[in-house]
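[1] have a look at this fold, sequence not included:
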């Protein structure tokens with residue numbers, strides 16, 4: 001049982017990133033209500049990614065599964081997206097995975113999305129401590 005637990009813990013990071021990708025697809029419904037993907041479909045897609053990744057020789061099984069799965073998620077989701085939303089999906093997948101790994105500062109990303117203007121000056125956040133951001 002200890003060996004099984006150790007192996008399961010080794011795949012936890014892959015499962016976390018797969019969950020992030022599912023919620024990226026789930027967020028597409030905010031763009032267009034037509035973009036809805038079921039959890040059952042996604043689980044089948046993940047199982048397909050596991051099977052397809054067995055043929056690839058690599059040192060890190062997690063990274064191999066994730067690489068195949070990211071490609072499968074993008075390709076399968078793009079089959080049902082309008083052309084103008086495909087680039088948005090790619091950006092969202094990248095950013096959400098980077099946020100999950102802690103490689104992007106969430107406050108800086110929020111600033112990138114929303115900008116620095118606030119209508120209510122009393123509720124304004126203090127200036128970020130970065131030197132690259134002038135008054």
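    In hand now; what should we look at? These figures come from a predicted structure and were not determined experimentally.
[2] dump the residue contacts of residue 48.
    Neighbour list for residue 48: residue 72 [criterion: CB atoms under 8 Å, 6 or more residues apart in numbering]. Every residue, glycine included, has its C-beta placed from N, CA and C.
[3] can you check the one 4 residues further on too?
    Residues in contact with residue 52, defined by CB under 8 Å, 6+ apart, are 68, 72.
[4] again, 10 Å this time
    64-65, 68-69, 71-72 (CB atoms under 10 Å, 6 or more residues apart in numbering).
[5] check the burial of residue 35 by counting its neighbours.
    Residue 35 is flanked by 18 other residues according to other CB atoms under 10 Å.
[6] the nearest residue in space to it that is not next to it in sequence in helix, strand or coil?
    Closest residue to residue 35 apart from its sequence neighbours, by CB to CB, 6 or more residues apart in numbering: residue 28 at 3.8 Å. State at residue 28, reduced to three classes by DSSP: H, G, I helix; E, B strand; the rest coil: helix.
[7] distance of residue 28 from residue 80?
    Per CB to CB, to the nearest Å, residue 28 is found 9 Å from residue 80.
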